[in-house]
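Engineer: A predicted structure for the sequence below; I have some questions about it.
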Amino acid sequence: MKERGNFGSKMGIILATAGSAVGLGNVWRFPYTAGENGGAAFILLYIGCILLLGIPGMVSEFIVGRHAQANAARAYDVLSKGLPWKFVGYLGILTSTIILGFYAVVAGWCLQYLWASIAGQLNGDADYVRNYFMTFSSDPLKPTLWGVAFIMITHLVVVRGVQKGIERASKLLMPMLFILLLVLVVSSCMLPGAMGGVRFLLHPDFSKLSGSVMLEALGQAFFSLSLGTACLCTYASYFSKLTNLLGSAGQIAILDTLIAVLSGLLIFPAAFSVGVSPDSGPSLIFITLPNVFQQAFAALPVVGYVISIMFYALLVFAALTSTISMHEIGTAFFTEEFTLPRQKSAWIETVVTMLICVFCSLSVGAIPSIKLMGFSLMDFCDRLTANFLLPSGAMLACLFVGWYIPKQIVHDEFTNGGTLKGNLFSIYLFAVRIVCPICITLIFLHQLGFV
């Protein structure tokens with residue numbers, strides 16, 4: 001069998017894997033959730049959840065992928081020794097394919113808004129901007145084409161392989177994303193009245209902390225780090241045996257959290273400077289913020305024009321780092337399980353996700369009658385993955401590593417053959433066996449509305 005690709009450097013590992021975690025949710029969901037749930041108090045709680053669930057969960061998927069050196073389905077099969085754990089890998093591959101399909105719809109909207117910003121089409125009052133989004137999203141052709149285009153851009157990266165495609169793109173995209181974010185944060189915080197937004201995000205209001213806020217923090221940590229998608233397992237199969245799994249997980253978690261907090265320092269100061277109370281979801285990105293940028297930089301329209309372009313470029317880069325990782329999961333599967341060339345495997349994944357993208361896009365726009373169980377196809381896919389597939393995949397991965405794989409294998413991978421000393425392994429094993437399953441169960445019940 002042809003030798004598998006590998007990441008060529010430690011920096012490539014960190015940037016590529018962090019890129020899989022950094023996405024659109026970092027830009028709008030984390031800041032809004034933090035601001036509404038105690039600001040800095042929520043951020044501290046979130047960091048605690050990263051330590052309880054995020055890092056142990058990441059390391060567990062890393063262990064499976066690196067030890068087996070195979071795609072997600074084969075990795076679980078290799079370690080299960082004949083028992084049907086292979087379905088955990090299949091579950092992750094299915095989940096990531098569905099997510100890529102509907103995620104590309106919103107990523108396509110970001111591409112459209114980047115183009116519209118460059119063309120100067122987002123100038124106007126609040127009603128104009130709102131109508132612009134409604135007209136665009138309900139168009140039978142434009143949103144679908146942009147979504148398909150985004151998948152094609154992703155395809156062009158993945159088809160080039162691990163080092164020449166994924167790693168090279170990550171080394172370019174992640175620094176650009178970070179630089180853009182820093183420039184936007186500085187510009188936003190210099191606006192008159194911007195400190196109100198900074199206080200909104202960073203002022204610790206411990207009175208807002210509650211059981212439901214704890215569950216929100218757990219959920220944010222879970223979804224932000226791509227647990228349960230088989231992405232971490234797939235990327236870890238390209239790690240070298242010298243890669244420190246715990247250290248890499250910690251660095252990825254820090255980078256992911258830093259970008260999320262910086263996104264809040266971009267959005268809230270700009271919104272507060274013009275007296276706008278930011279909302280969550282698509283309305284924040286595509287309706288509220290274009291008008292905020294116009295008002296905030298009304299005295300310097302050229303600056304507002306550049307800021308708008310930079311913001312939507314930031315969103316495109318953030319989305320692309322995530323879609324690359326999700327595409328690679330399916331591509332690696334088809335390449336290894338069916339012994340296909342990478343080009344053909346990538347095309348299979350591309351075509352499947354394009355079909356999902358097309359129908360999801362039409363279901364929230366031109367053809368709202370495309371429904372499943374009373375939801376638009378896009379909402380159904382979102383709920384299916386968030387409420388069932390992701391928690392199930394992450395839970396099974398933790399149980400597999402914590403209770404099924406021989407303890408010596410887990411120890412050797414965690415400690416890099418015994419080179420990592422101390423009591424960290426015992427702490428990790430307790431977390432993955434007991435703490436993580438409890439946390440994921442709570443997330444599962446919270447998503448379903450039971451707690």
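Structural biologist: The structure has been received and is ready for your questions.
Engineer: wait, what's in contact with the residue lying closest to residue 145 once chain neighbours are set aside?
Structural biologist: Closest residue to residue 145 apart from its sequence neighbours, by Cβ to Cβ, 6 or more residues apart in numbering: residue 108 at 7.7 Å. (Each C-beta comes from the backbone N, C-alpha and C, glycine too.) Contact analysis of residue 108 by Cβ atoms under 8 Å, 6 or more residues apart in numbering lists 143-150, 357, 361.
Engineer: In helices only, show me those residues.
Structural biologist: 143-150, 357, 361 (DSSP state H).
Engineer: neighbour-wise, which of the residues you listed leads?
Structural biologist: Most neighbours among the ones in helices among the contacts of residue 108, by other Cβ atoms under 10 Å: residue 361, with 32 neighbours.
Engineer: hang on, isn't it packed against residue 143?
Structural biologist: Yes. Counting by Cβ atoms under 8 Å, residue 361 does reach residue 143; the two are 5.0 Å apart.
Engineer: so what sits against both of the two?
Structural biologist: Counting by Cβ under 8 Å, 6+ apart, the shared contacts of residue 361 and residue 143 are 105, 108.
Engineer: so where do the helices sit in the stretch 351-451 of the chain?
Structural biologist: 377-384, 390-399, 407-414, 424-430, 436-447 (DSSP state H, counting those that start in this stretch).
Engineer: among those, which is the most enclosed?
Structural biologist: Stretch with highest mean neighbour count among the helices of the stretch 351-451 of the chain: helix 390-399 (a mean of 24; mean count of other Cβ atoms under 10 Å).
Engineer: got the contact list for that one?
Structural biologist: 56-57, 60-61, 64, 85, 88, 91-92, 95, 222-223, 227-230, 233, 432-433, 436-437, 440-441, 443-444, 447.
Engineer: Can you select the buried ones from these in ChimeraX?
Structural biologist: Buried residues among these (16 or more other Cβ atoms under 10 Å), as a ChimeraX selection:
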select :56,57,60,61,64,85,88,91,92,95,222,223,227,228,229,230,233,432,436,437,440,443,444,447
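Engineer: Looking at the contacts of helix 390-399, which are in strands?
Structural biologist: Counting by DSSP state E, none of the members of the contacts of helix 390-399 fall within strands.
Engineer: can you give me the offset of the lengthiest helix in the chain from its chain's centre?
Structural biologist: Under DSSP H, the helix in the chain containing the largest number of residues is helix 301-337. Centre-to-centre, helix 301-337 and its host chain are 10 Å apart (Cα atoms, centre = their mean, to the nearest Å).
Engineer: Give the buried residues for it.
Structural biologist: Those would be 304-337, for helix 301-337 by 16+ other Cβ under 10 Å.
Engineer: for stretch 344-362, same thing?
Structural biologist: Under 16+ other Cβ under 10 Å, the buried positions of stretch 344-362 are 345-350, 352-354, 356-362.
Engineer: Give me the neighbour count for residue 135.
Structural biologist: Using other Cβ under 10 Å, residue 135 is surrounded by 10 other residues.
Engineer: sorry, back to before: any chance of the ones in helices among the contacts of residue 108 in CSV, plus distance to residue 179 and pLDDT?
Structural biologist: Shown next, in CSV, are these (distance: Cβ to Cβ, whole Å; pLDDT from 0 to 100):
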residue, distance to residue 179, pLDDT
143, 29, 95
144, 32, 96
145, 30, 97
146, 25, 97
147, 27, 97
148, 29, 98
149, 25, 98
150, 22, 98
357, 29, 97
361, 31, 96
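Engineer: Next, format those residues as TSV and append distance to residue 417.
Structural biologist: Shown next, in TSV, are those (distance: Cβ to Cβ, whole Å):
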residue	distance to residue 417
143	50
144	50
145	51
146	48
147	45
148	46
149	45
150	41
357	43
361	48
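Engineer: from the residues you listed, which is closest to residue 114?
Structural biologist: Nearest to residue 114, judged by Cβ to Cβ, of the ones in helices among the contacts of residue 108 is residue 146 at 9.8 Å.
Engineer: For residue 319, which non-adjacent residue is closest in space?
Structural biologist: Leaving aside its sequence neighbours, residue 319 sits nearest to residue 107 (Cβ to Cβ, 6+ apart; 3.9 Å).
Engineer: Next secondary structure element downstream of the helix or strand containing the one you found?
Structural biologist: Assigned by DSSP states H and E, residue 107 belongs to helix 86-118. Per DSSP H and E, the first helix or strand lying C-terminal to helix 86-118 is helix 126-137.
Engineer: tell me the mean pLDDT over that next one?
Structural biologist: Helix 126-137 carries an average pLDDT of 89.
Engineer: next one: stretch 232-248
Structural biologist: Stretch 232-248 comes out at a mean pLDDT of 94.
Engineer: Show me what counts as buried in it.
Structural biologist: 232-239, 243-246, 248.
Engineer: Please identify which of those residues is nearest to residue 76.
Structural biologist: Set against residue 76, the nearest of the buried residues of stretch 232-248 by Cβ to Cβ is residue 233 (8.2 Å).
Engineer: In contact with the nearest residue to that closest one once chain neighbours are set aside, which residues are there?
Structural biologist: Closest residue to residue 233 apart from its sequence neighbours, by Cβ to Cβ, 6+ apart: residue 65 at 3.9 Å. Residues counted as contacts of residue 65 (Cβ under 8 Å, 6+ apart) are 72, 75, 232-237, 239.
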